[in-house]
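> I need the structure of the sequence given here:
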Amino acid sequence: MDKRIKVGLIGLGQRGNGLMNNILKIKDTLISAICDKFSDRLDNAEKRIVDNGDPAPFKTDDYLKVIACGVDVVIVATSWNNHVEVALSAMNAGVPVAMEVGGSHSIEDCWALVDCYEKTNTPFFFLENCCYNIDEALATSLVRNGVLGEVVYCQGAYCHDLRSEIAGGIDTHHYRLEEYKNYCCDNYPTHELGPISKILNINRGNRFIKLVSMSSKSLGMKHYIKNTPIYADRLKDIEFKQGDVVSTMIQCENGEMIVLKLDTTLPRLYDRNLTVSGTKGFYCQSTNAVVLDKGEFDHEIDKYSKAFGSDEKYNKYLPEEWRAITDEQKKAGHGGMDYIMLRHLFDALKTKEKKMPIDVYDAAVWMSITALSEKSIKEGSMPVDCIDFTRGKYKQFKPLDTFKYPYIRCKNKIN
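Residues are numbered from 1 along each chain as shown. This is a model prediction of the structure:
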């Protein structure tokens, strides 16, 4: 009998295929069911699974049939607007859920996830891969080991030129096209906010109190479409509500401040810009720099660049997963963070853990930033209260006592 973890993969678009790359390389898992509304995607996924030496999976365009077919976990990689619908169905059926990221325009949906989890106690893992990236892992470990002192300020961004992907949705069915037409908000906050939340122990002794969001005007997509022949005629009449740049400031209960930035419709380099400022020093992802108080780097601009790349000297603080990762695992997706994230998911399922490293409360809080930022922008950038989806339990929730990234509470602190 095949004792591998049986995976039901729901959604076979860009992200679903990226996750498949990694799952096929994990020996104790088996993709036994696949679901998508497009038959060509189903056929292509089936071929990849069979070419990997595995049995042909159950194929369907009905996600409820995947949930009912005996899988050990469902991975929800559909478009943002039906993540919650699929996850709720799985949890109500008692099937563990790993749900892909994205913002939510509905606070009610965020509460629905929490309420369903608390009613069913079905394991729920939020697939925020950036919590497992090497840079974010290093920054988190530096904080946990006291290297940066007490953290006062964090910033992060999702800066990614997505113009071709957004416009291309007219052919590829990508959901971002409709998203950018209909909303103005921070629509994708979790890549930067997830790691920051882990660093600041959000939902584990700390929480978000209020936020303020502001948006620029929207010109980037219009300019791109006008100057791109394959879209110029077909998309010329579309009006985009989404501002080119959205900034959000968040106040935390324990006194920290967070600044987020969404920048996806102008020409630019990719950047998540994780920055952590503490009383002893700071970490900057964009320059791969660690600068400590009374250290070797001067704050003056002509000497500042010498700090670029200095984080390599702190690699002893990296979690073991990153010190032991192989080239094959790195190549499977997003430089290795997808592999490590999925490895943690499947390890948690094998040990039958109920509380996942990135749980339903994390998902609800991070996803809700989209709806709250939209509300703030509509109200003229007025402050908006954030929501405690733990109903006060965050005061008792604590990181695990043993090393288990992304909690990163080191079992043996590094001297």
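> okay, and Arg48 sits in which element?
Taking DSSP states H and E as the criterion, Arg48 maps to helix 39-51.
> most centrally placed residue in the chain?
Nearest to the geometric centre of the chain sits Glu128, at 3.0 Å (CA atoms, centre = their mean).
> could you report the neighbour count for the residue nearest to it when sequence neighbours are not counted?
For Glu128, the nearest residue in space outside its immediate sequence neighbours is Gly194; the separation is 4.0 Å by CB to CB, 6 or more residues apart in numbering. For every residue, glycine as well, the C-beta is placed using N, CA and C. Neighbour count of Gly194, defined by other CB atoms under 10 Å: 27.
> so the residue nearest to the centre of the chain makes contact with Met356?
No - the criterion here is CB atoms under 8 Å, and Glu128 misses it with Met356 at 11.2 Å.
> got the buried residues for the helix holding Arg48?
By neighbour count on 16 or more other CB atoms under 10 Å, the buried set for helix 39-51 is 41-42, 44-46, 48-49.
> and this structure, what are its domain boundaries?
The chain breaks down by automatic domain parsing into domains covering 5-127, 131-318+359-395.
> quick one: the longest one to chain centroid distance?
This points to domain 131-318+359-395. Averaging C-alpha coordinates over domain 131-318+359-395 and over its chain gives two centres that are 10 Å apart (CA atoms, centre = their mean, to the nearest Å).
> and it, end to end?
By CA to CA, to the nearest Å, the extent of domain 131-318+359-395 from end to end equals 22 Å.
> who does Val290 bridge with?
Beta-bridge pairing for Val290 (DSSP bridges): Tyr283.
> that one and Met214, how far apart?
Using CB to CB, to the nearest Å, we find Val290 at a distance of 31 Å from Met214.
> for the two, work out which one has more neighbours and name it.
Neighbours per residue, other CB under 10 Å: of Val290 and Met214, the larger number sits with Val290, 25 against 15.
> surely that one meets Ser277?
No - when contacts are counted by CB under 8 Å, Val290 is not listed as touching Ser277 (11.8 Å).
> let me see the contact set for Ile75.
The contact partners of Ile75, by CB atoms under 8 Å, 6 or more residues apart in numbering, come to 7-10, 16, 19, 23, 98-100, 127.
> possible to save those residues as JSON lines with pLDDT and secondary structure?
Formatted as JSON lines, the entries for those read as follows, by pLDDT from 0 to 100; DSSP: H, G, I helix; E, B strand; the rest coil:
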{"residue": "Val7", "pLDDT": "98", "secondary structure": "strand"}
{"residue": "Gly8", "pLDDT": "98", "secondary structure": "strand"}
{"residue": "Leu9", "pLDDT": "98", "secondary structure": "strand"}
{"residue": "Ile10", "pLDDT": "98", "secondary structure": "strand"}
{"residue": "Gly16", "pLDDT": "94", "secondary structure": "helix"}
{"residue": "Leu19", "pLDDT": "94", "secondary structure": "helix"}
{"residue": "Ile23", "pLDDT": "95", "secondary structure": "helix"}
{"residue": "Ala98", "pLDDT": "98", "secondary structure": "strand"}
{"residue": "Met99", "pLDDT": "98", "secondary structure": "strand"}
{"residue": "Glu100", "pLDDT": "97", "secondary structure": "strand"}
{"residue": "Leu127", "pLDDT": "97", "secondary structure": "strand"}
